[in-house]
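[1] Pasting the sequence and the predicted model now:
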Amino acid sequence: MLTGCAEQQAQQAWQAQQAMVAAAGQQFKADSDACTTTFSEKDSDAIARAKCINNAEEKEIRFVGSPDLHNLRMAKRIELAEKQAAHKITRAELMLQLSHVWGYVDYEDGFDRMTQINFCHRYNWANLTSASLEKDCGSRPSLRAGGAS
């Protein structure tokens, strides 16, 4: 267990790291927003928009716990943009194939250290059927203002 000065230094280092991660996330949002403003959703802009967003994401990649997932997502973004530019898929189909949930969980581990786990889940809309949804997720509760029912 850390005591005194070492504990304070560890906490300061963790806070500094969290500040850098937050700043990188804000910069990615600003850069990717600029990409979507600069390049339209038209098929003719698909590749340029994808490259621009990938450039923004590359700046953030050193702060994430799963760089391989980011690299795969960037490659998939280009692949789908090329299909959109060739009129093989629509913009809506591209967006469905890139649907992800990204997140993180902060917790205190068994050594009393703050730890963060990043996760990513890609929805496989291309192979989604009502039967596979029921198999994977079971019956979903409906959500109301008062919570789950």
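    It's in. Keep in mind the model is a prediction, meaning the values are calculated, not measured.

[2] if I look at residue 18, how far off is residue 40?
    Residue 18 sits 36 Å away from residue 40, going by C-beta to C-beta, to the nearest Å. (C-beta placed from N, C-alpha, C; glycine too.)

[3] Ok, residue 96 next?
    Applying C-beta to C-beta to residue 96 and residue 40 gives a distance of 19 Å.

[4] neighbour-wise, which of these two wins?
    residue 96 (16 against 13; other C-beta atoms under 10 Å).

[5] So for the helix or strand containing that one, mean pLDDT?
    In this structure, residue 96 sits in helix 91-97 according to DSSP states H and E. Mean per-residue pLDDT for helix 91-97: 83.

[6] what do you get for stretch 44-60?
    On average, stretch 44-60 scores 93.

[7] so for the helix ranked longest in the chain, what's the average pLDDT?
    Taking DSSP state H as the criterion, the chain has its longest helix at helix 4-38. Here helix 4-38 scores 86 as its mean pLDDT.

[8] Kindly report the same for stretch 76-88.
    94.

[9] which residues sit against that stretch?
    Stretch 76-88 is contacted from outside by 43-44, 46-47, 49-51, 53-54, 89-91, 93-94, 97-98, using C-beta atoms under 8 Å, 6 or more residues apart in numbering.

[10] chain center to it, what's the gap?
    20 Å (C-alpha atoms, centre = their mean, to the nearest Å).
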